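Enquirer: Provided below for reference: sequence and predicted model.
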Amino acid sequence: MEREFDRNHRLSNGYFGSFTMAPLSSLALAGSISSFFITRIHSAMFPPLAEVNVENIIMRRELWKLLISKFYVTDPKQIILTVILILHFKKFEKRYGSRKFASYLCSVFLISLLFELALLYLSSKRHWGLASLPNGPLAVIFSLFVPFYFDIPRIVRAAVIGIPVSGKAIAYICGLQISSSSLESLCVSLIGIAAGGLFRSNFLFLKKYFMIPKIIGTICHKLFSPLLWEVDKVTRTNYGATLELQHLEEEERIEQAMIRATMRIQGNQNAHAGRSLRTWLMGRGAAVVPAEDKVLTLTNMGFNREQAAQALRLYNNDLAQATNHLLAANR
């Protein structure tokens with residue numbers, strides 16, 4: 001199964017191979033880190049670039065600040081946890097392809113923007129007193145927890161005080177750390193999960209109407225793939241990768257192998273179900289020995305011995321059901 005997974009998905013254990021077939025994830029990782037350092041240098045000399053609060057977005061109607069704020073991260077803790085989550089969630093781009101993954105990101109990005117705008121509007125009307133919403137693609141990242149929960153199988157790696165701990169625990173802990181840092185972070189996190197749930201349920205046919213055209217995907221691939229660590233040949237050698245990165249890649253191979261094995265088993269079971277049912281019905285009473293006194297009772301009622309024995313075998317020596325069966329058969 002592992003060989004089949006490697007053949008179909010061309011994953012590598014290497015450091016750069018970790019992002020093979022995941023150009024968008026590598027771009028998100030590089031963009032998040034670079035934007036963090038740029039904004040840190042900028043904030044040391046100038047006022048904050050774009051504060052997403054009620055005054056700026058609702059009162060002054062500076063909607064561009066809400067849009068710009070999604071492309072940079074200013075909190076040191078958030079950038080570290082964001083990098084860890086990107087490393088976990090890049091498996092979705094490898095599994096579904098960059099074009100479908102980009103369509104998903106664009107969809108949840110627009111939905112989360114509308115939800116955040118509605119949140120700020122309600123805060124201004126209800127006087128909830130929300131401070132500035134956190135910068136960065138927080139809602140988009142949290143939307144990936146929806147397919148992460150439903151589509152990624154749980155693989156137990158260890159046990160702490162008798163409690164099994166799976167490889168998914170790190171992602172959940174990082175998400176909990178980000179969402180619990182403030183009320184505003186919790187609101188944006190819930191918005192991201194809601195956006196991911198709407199896309200998964202295909203609300204208003206999102207999967208149909210929010211698909212990036214194939215020609216745009218081809219153009220972007222030709223323009224940016226040389227810059228995004230694309231590796232065509234897969235190497236089986238580890239080039240200085242950290243132990244955690246190697247564990248993530250190993251989990252991806254195991255998860256894919258489990259999914260494929262489960263699908264094959266289900267297909268075989270469905271195909272075998274009809275044959276098993278027919279065989280069971282035809283030979284149900286093959287191992288049942290008809291009771292001689294009950295055979296005699298049925299023959300005294302006018303049925304021949306062979307029919308009586310067959311009916312008793314079929315109904316496990318139940319005289320009443322065997323009698324009903326023979327009466328119905330002779331009508």
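Expert: Right, received. Where do you want to start? Residues are numbered from 1 along each chain as shown.

Enquirer: any low-confidence regions in the stretch 201-331 of the chain?
Expert: Scanning the stretch 201-331 of the chain for pLDDT under 70 picks out 224-287, 330-331.

Enquirer: Distance check, the closest residue to Asn202 other than its chain neighbours against Ser103.
Expert: With CB to CB, 6 or more residues apart in numbering as the criterion, Asn202 has its nearest non-adjacent residue at 7.7 Å, and that residue is Lys208. Any C-beta I mention is one placed from the backbone N, CA and C, and that applies to glycine too. Applying CB to CB, to the nearest Å, the value for Lys208 to Ser103 is 10 Å.

Enquirer: Which of the two has more residues huddled nearby?
Expert: Ser103 (21 against 8; other CB atoms under 10 Å).

Enquirer: looking at it, the more buried one is touching Phe210, isn't it?
Expert: Yes - contact between Ser103 and Phe210 holds when scored by CB atoms under 8 Å: they sit 5.5 Å apart.

Enquirer: sorry, back to before: now name the helix or strand holding the residue nearest to Asn202.
Expert: Assigned by DSSP states H and E, Lys208 belongs to helix 206-209.

Enquirer: just checking, next helix/strand downstream of that helix?
Expert: Sequence order places helix 214-224 as the next helix or strand after helix 206-209, per DSSP H and E.

Enquirer: counting contacts, what elements does the helix holding Lys208 pack onto?
Expert: helix 183-200 (3 or more CB pairs under 8 Å, 6 or more residues apart in numbering; DSSP states H and E).

Enquirer: for the helix it packs on, which positions count as buried?
Expert: Neighbour counts over helix 183-200 (16 or more other CB atoms under 10 Å) mark 184-185, 187-189, 191-196, 198-200 as buried.

Enquirer: Quickly check these for the two that are furthest apart.
Expert: The span of the buried residues of helix 183-200, defined through CB to CB, is set by Glu184 and Arg200 at 24.9 Å.

Enquirer: Which single one of the buried residues of helix 183-200 is nearest to Val54?
Expert: Glu184 (11.3 Å).

Enquirer: Would you confirm that that closest one contacts Leu133?
Expert: Yes - assessed by CB under 8 Å, Glu184 is found in contact with Leu133 at 5.1 Å.

Enquirer: Are there residues contacting both of these two? Which ones?
Expert: When CB atoms under 8 Å, 6 or more residues apart in numbering defines a contact, no residue borders Glu184 and Leu133 alike.

Enquirer: for the stretch 1-150 of the chain, which spans come out with low pLDDT?
Expert: Applying pLDDT under 70 to the stretch 1-150 of the chain flags residues 1-19, 44-50.

Enquirer: go again using 50 as the cut-off
Expert: Within the stretch 1-150 of the chain, the stretches with pLDDT under 50 are 1-17.

Enquirer: Identify the residues contacting the helix holding Lys208?
Expert: Residues from elsewhere that reach helix 206-209 (CB under 8 Å, 6+ apart): 103, 107, 198-199, 202.

Enquirer: Endpoints of stretch 310-326, how far apart?
Expert: Its start and end residues considered, stretch 310-326 measures 10 Å (CA to CA, to the nearest Å).

Enquirer: List the buried residues of stretch 92-105.
Expert: Taking 16+ other CB under 10 Å as the criterion, stretch 92-105 shows 92-95, 98-105 as buried.

Enquirer: separation between Gly129 and Lys94?
Expert: Per CB to CB, Gly129 is found 42 Å from Lys94.

Enquirer: hmm, I was thinking of Asn304
Expert: Taken as CB to CB, the span from Asn304 to Lys94 is 69 Å.

Enquirer: SS state for Val165?
Expert: strand (DSSP: H, G, I helix; E, B strand; the rest coil).

Enquirer: so it touches Ala158, yeah?
Expert: Yes - with contact defined as CB under 8 Å, Val165 counts as touching Ala158 (4.9 Å).

Enquirer: And those two? Which one has more around it.
Expert: Using other CB under 10 Å, the more surrounded residue of Val165 and Ala158 is Val165, with 13 against 10.

Enquirer: Outline the domain layout of the chain.
Expert: 21-230, 286-329 (automatic domain parsing).

Enquirer: so which of the contacts of helix 206-209 would you say is closest to His42?
Expert: The shortest approach to His42 among the contacts of helix 206-209 belongs to Ser107, at 30.4 Å (CB to CB).

Enquirer: can you count the residues close to that closest one?
Expert: By other CB under 10 Å, 23 other residues sit near Ser107.

Enquirer: same deal with Gln78?
Expert: Neighbours of Gln78 under the rule other CB under 10 Å: 21.

Enquirer: next one: stretch 214-222 to chain centre, how far?
Expert: Relative to its chain's centre, stretch 214-222 lies at 25 Å (CA atoms, centre = their mean, to the nearest Å).

Enquirer: And stretch 72-84, by the same measure?
Expert: Remark: stretch 72-84 is offset 22 Å from the chain centroid, using CA atoms, centre = their mean.

Enquirer: What residues of that stretch count as buried?
Expert: 72-75, 78-79, 81-84.

Enquirer: Pull the residues that contact that stretch.
Expert: With CB under 8 Å, 6+ apart, stretch 72-84 has contacts from 29, 32-33, 35-36, 38-40, 43, 48-49, 134-138, 141, 170-171, 174-175, 177-178, 181.
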